[in-house]
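Q: Sequence and predicted structure are below.
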Amino acid sequence: MAIQVSGITKRFNDFTALDSVDLEVRSGELLALLGPSGSGKTTLLRIMAGLESPDAGGLLLNGEEALGLKPRDRQVGFVFQHYALFRHMSVFENVAFGLKVRPRGQRPSSAEIRRRVAELLELVQLSPFAGRYPAQLSGGQRQRVALARALAIEPKVLLLDEPFGALDAKVRKELRRWLRKLHDDIHITSVFVTHDQEEALELADRVVVMNQGRIEQIGTPAEVYDHPASAFVYEFLGQVNRLDCTVEGGIAHVGGGALAIATDGGVQGPAVAYVRPHDLGVTPAAGGPARISGIHVVGPDARIDIDLAGLALEAEMDRERLATLGIVAGDRCSVHIDRARVFAR
Amino acid sequence: MVAAGSGAVAAGRESAVTVRASLPLFRKPSVLPGFGLTLGFTLSYLGFIVLLPLAALILKSSGLGWSGFWAAVTTPRVLAAFQVSFGLSLAAALTNAIFGFLVAWVLVRYDFPGKRLVDALVDLPFALPTAVAGIALSALYAPNGWIGRPLDELFGLKVAFTPLGIAIALTFIGLPFVVRTVQPILQDLPPEEEEAAASLGASRLQAFSGIILPAILPALVTGFALSFARGVGEYGSVIFIAGNMPGLTEILPLLIVIKLEQYDYAGAAAVGTAMLGVSFVMLLILNLLQQWMRSRHAR
């Protein structure tokens, strides 16, 4: 089911959480709402679920006006950041809740409910835990119970608020892959909110980058990472060197002429150049303009701090390349930039 | 030799350790210090402040002997007073459980002007001397009082000097117990659970009975028990509004005072002991009920 958001605005007192947001979620896709805290992403998700009502704008669920509908009538599965499992109910009762509260005519028989819950617990790999209470489960297990509970009502849309936010790094990664696989299997239109760019880029079909209540860019993970539409997107997605520069005749001069970068034109005068650490090349040179101020090896990669005439830069390369270059902290070197993006200041 | 000697020493040490560890039988190992001191203090404090007077009470009543005791507490007048005290305390506690919950709900869930004032008003029954409350209530509900007169004229309902009046006084003094036990639990109830229930298709009523009520029920039972216990022991506010007709509106505490005034110390102690026993059993049942609910609501 497709979701269409048009001109949604939401204010909390004098804070504008959403500023006339337009968005289309395509049927069957897995969409990430990515942004820093306060960017309005959770508010947008809660408006889709009917847990919050906007001050202005429209919302279509599968082509039908949905703003007048109560949460219970929207057929939307919502997974909360801290799961919001019913503490006094067992895993089984939690998952069965959405079926048991249906009006008498639509309520499945108790045998049918048992069968459906067992099926869902099988799906989230929690069959042996049906009798446990939420307090007796780990974070990852709770998350999967929350997911099974949301799926029990056979929602048309699945909305997940920071689904992996409260988990440790290893479980987070496993659960991420598992969720992607689950989505590939059941193809339910899904929207999830995250502030973790790695999560959004790895998991989503399309990423919506949000900032201060507005959408900065919508695109596939490759599009937003390789062709950021704004300075904000560039800074938010991954590590980046931010260099103040002056552009004259298509050449950006950084640090008073210490470095020159060719630009793709369009920008003139004071500007900011963004360079990803892995697009910054380092060559050892005895009389070079830059100095290596530190080398940090993190797993298979190496991060190199460079001091270019008082300007702190960061480069990244794999350890093999580092060994080939044979550089150590304190060496002089020259730097070259393979790729940069320049935005007017 | 040396090896054997050290082995013996080691064995000796080992056995010493096992003996030491097994000495305090019921005590679980803990890093918190001061177990002996605090337990000793707690027991002796409870002994002096609570158990000693109660023991004296039971001792006094035991002077009657079993048959004398039984005769003292099964006179029609005492039995009627039992019915009045426990029955009306239960009724008042039930009323408080319902309406105290509503008060707590409104204080937690809604914002309105004067909310802090209302919040502070809830505690007034705690602070007011009970006799003052009793006099004020009987003045209000008396047949010529502000509330008593219209009730009498419109519905023919007499409040003061009837069991209803006693129930009203007991409701008045018990209200803060329910509000103050339920309020913090309601405050800490995460809104997400209700939102989850709503998004899963539950109506407001289903969300309330399925999510909110089970979460606050242990606190509600605590408030109910406190309100009930307070009602059973209440004296000051009731005697003014009750009318104190033997067999009809006479409460147990008053009956005890009457017996004391007639120098029937053993009889008074017997009624007190019986009251103590019934109260203890009822509170114990409520406590067990609560424990069972809490274990279901594991966290």
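A: Received it, and whenever you're ready, just let me know what you need. Numbers count the residues shown, from 1 in each chain, chains lettered A, B, ... in the order given.
Q: what bits of the stretch 1-150 of chain B have low per-residue confidence?
A: B:1-27 (pLDDT under 70).
Q: Of all the residues in it, which one is nearest chain A?
A: residue B:111 (13.7 Å; Cβ to the nearest Cβ). Bear in mind the C-beta positions are built from the backbone N, C-alpha and C, glycine included.
Q: mind checking the SS state of that residue?
A: Here residue B:111 is recorded as coil under DSSP: H, G, I helix; E, B strand; the rest coil.
Q: helix, strand or coil for residue B:29?
A: Look at residue B:29: counting by three-state DSSP, its state is coil.
Q: Near chain A, which residues of chain B? Just list them.
A: Applying Cβ under 8 Å from any Cβ of the partner chain, we find that chain B lies next to chain A at B:190, B:192-193, B:195-203, B:206, B:210-211, B:214-215, B:296-299.
Q: got the residues of the stretch 1-150 of chain A near chain B?
A: Counting by Cβ under 8 Å from any Cβ, the stretch 1-150 of chain A sits next to chain B at A:49-51, A:70-72, A:74, A:76-78, A:80, A:82, A:84-88, A:97-98, A:101-102, A:133, A:135-136, A:149-150.
Q: Mind checking which of the residues you listed land in strands?
A: Among the residues of the stretch 1-150 of chain A next to chain B, the members found in strands (DSSP state E) are A:76, A:77, A:78.
Q: Give the bridge partners for the first one, please.
A: Read that as residue A:76. For residue A:76, the beta-bridge partners under DSSP bridges are residue A:157.
Q: quick one: contacts for it?
A: Each residue near residue A:76 by Cβ atoms under 8 Å, 6 or more residues apart in numbering or on different chains is listed here: A:48, A:49, A:50, A:61, A:155, A:156, A:157, A:158, A:159, B:199.
Q: which intervals of chain A have sub-threshold pLDDT?
A: A:1, A:265.
Q: Recalculate using a threshold of 80.
A: A:1, A:166, A:249-250, A:255-258, A:263-266, A:338-339, A:345 (pLDDT under 80).
Q: Where is the longest helix in it?
A: helix A:169-186 (DSSP state H).
Q: right, and residue B:107 touches residue B:118 too?
A: Yes. Using Cβ atoms under 8 Å, residue B:107 is in contact with residue B:118, at 6.8 Å.
Q: Out of the residues of chain B next to chain A, which end up buried?
A: B:192-193, B:195-202, B:206, B:210-211, B:214-215, B:297 (16 or more other Cβ atoms under 10 Å in any protein chain shown).
Q: Grab the two from those residues that are most spread out in space.
A: B:201 and B:297 (23.1 Å; Cβ to Cβ).
Q: Point me to the helix or strand that includes the closest residue to residue A:261 other than its chain neighbours.
A: Computed as Cβ to Cβ, 6 or more residues apart in numbering or on different chains, the closest residue to residue A:261 that is not its neighbour in sequence is residue A:252, at 4.4 Å. If you go by DSSP states H and E, residue A:252 is part of strand A:251-254.
Q: how about the residue nearest to residue A:261, what does it touch?
A: A:245, A:246, A:260, A:261, A:262, A:263, A:271, A:273, A:340, A:342.
Q: could I get those as a markdown table with neighbour count?
A: Shown next, in a markdown table, are those (neighbours: other Cβ atoms under 10 Å in any protein chain shown):
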| residue | neighbour count |
| --- | --- |
| A:245 | 23 |
| A:246 | 15 |
| A:260 | 12 |
| A:261 | 20 |
| A:262 | 11 |
| A:263 | 18 |
| A:271 | 20 |
| A:273 | 23 |
| A:340 | 21 |
| A:342 | 23 |
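Q: what residues does the stretch 151-300 of chain A put near chain B?
A: Proximity of the stretch 151-300 of chain A to chain B (Cβ under 8 Å from any Cβ) is limited to residues A:152, A:153.
Q: For the stretch 151-300 of chain A, which segments are assigned as helices?
A: Ranges of helices in the stretch 151-300 of chain A, per DSSP state H, counting those that start in this stretch, are A:169-186, A:197-203, A:221-226, A:231-236.
Q: which parts of stretch A:163-170 are buried?
A: A:163, A:164, A:167.
Q: same check, this time on stretch A:28-35
A: Neighbour-count burial for stretch A:28-35 [16+ other Cβ under 10 Å]: A:29, A:30, A:31, A:32, A:33, A:34, A:35.
Q: Quick one: residues in contact with that stretch.
A: A:25, A:41, A:44-45, A:180, A:183, A:187-195, A:197, A:199-200, A:203-211, A:236.
Q: Among the buried ones among the residues of chain B next to chain A, which ones are in helices?
A: B:192, B:193, B:195, B:196, B:197, B:198, B:199, B:206, B:214, B:215.
Q: circling back: which among the buried residues of stretch A:28-35 gets closest to chain B?
A: Nearest member of the buried residues of stretch A:28-35 to chain B, counting by Cβ to the nearest Cβ, is residue A:33, at 17.6 Å.
Q: now the closest one, nearest residue through space, not along the chain?
A: residue A:41 (4.0 Å).
Q: got a list of what that neighbour touches?
A: A:33, A:34, A:35, A:193, A:195, A:210.
Q: again, only using 10 Å
A: A:17-18, A:32-35, A:161-162, A:191-195, A:208-211, A:213, A:215 (Cβ atoms under 10 Å, 6 or more residues apart in numbering or on different chains).
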